[in-house]
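Just to be clear, the model below is a prediction. Sequence and coordinates:
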Amino acid sequence: MLKLKRVYEDVSGQDGKRILVDGIWPRGVKKEELEHDEWMKEIAPSSELRKWFDHDPDKWDEFKEKYKKELDDCKEVLMQIKEDSDGHNVTLLYAAKDEKHNQAVVIKEYIEDLK
């Protein structure tokens with residue numbers, strides 16, 4: 001099962017494999033203190049797209065469309081996450097305050113749509 005969680009939330013035994021999907025390290029979190037298995041910067045939005053979006057919900061639909069095009073170049077990595085989550089918990093970690101409009105939401109949706 002693929003799940004989403006902010007990096008600032010407590011670790012749970014139900015998290016399974018924990019993958020940070022931010023392109024930059026989360027503010028206020030020490031690298032040695034974040035419990036995570038991997039940091040997959042390569043699947044984060046490009047700096048250009050991240051800065052353009054700037055967590056503006058009015059840009060959400062266009063952000064999703066543009067970001068999914070970027071994710072097309074990462075299908076192999078995303079397919080591995082999909083396989084890892086088949087019968088096991090995998091949690092995508094992100095730092096954004098907005099729990100509905102962030103890259104982890106798009107990544108999860110993209111992975112769930114992979115065939």
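Cool, got the structure.

Quick check: the residue most central in space within the chain vs Glu32, distance?
With distances taken as C-alpha atoms, centre = their mean, Ala104 lies nearest the centre of the chain, 3.0 Å away. Distance, Ala104 to Glu32, by C-beta to C-beta, to the nearest Å: 22 Å. C-betas here are computed from N, CA, C, even on glycine.

so where do the strands sit in the protein?
For the chain, the strands defined by DSSP state E occupy 2-6, 17-20, 38-39, 90-94.

which of these is buried the deepest?
When you average the neighbours per residue for each of the strands of the chain (mean count of other C-beta atoms under 10 Å), strand 90-94 leads with a mean of 24.

what pairs with it, and is each one parallel or antiparallel?
Partner strands and pairing direction for strand 90-94 (DSSP bridges) are strand 2-6 (parallel), strand 17-20 (parallel).

residues making contact with it?
Here strand 90-94 makes contact (C-beta atoms under 8 Å, 6 or more residues apart in numbering) with 1-7, 15-22, 34, 36, 81, 84, 102-104, 107-108.

Work out the gap between that strand and the centre of the chain.
Remark: strand 90-94 is offset 6 Å from the chain centroid, using C-alpha atoms, centre = their mean, to the nearest Å.

ditto for stretch 55-64
That offset, for stretch 55-64, works out to 16 Å (C-alpha atoms, centre = their mean).

Likewise for stretch 7-24?
On the basis of C-alpha atoms, centre = their mean, stretch 7-24 sits 10 Å off its chain's mean C-alpha point.

what mean pLDDT does that stretch have?
Taken as a whole, stretch 7-24 has a mean pLDDT of 97.

in it, what's buried?
Of the residues in stretch 7-24, Val7, Asp15, Gly16, Arg18, Ile19, Leu20, Val21, Asp22, Gly23 count as buried by neighbour count, 16 or more other C-beta atoms under 10 Å.

Tell me which two of the residues you listed sit farthest apart.
Gly16 and Gly23 (22.6 Å; C-beta to C-beta).

give the contact list for the nearest residue to Val105 once chain neighbours are set aside.
By the measure of C-beta to C-beta, 6 or more residues apart in numbering, the closest residue to Val105 outside its immediate chain neighbours is Leu4, 6.7 Å from it. Leu4 makes contacts with Thr91, Leu92, Tyr94, Glu99, Ala104, Val105, Lys108, as judged by C-beta under 8 Å, 6+ apart.
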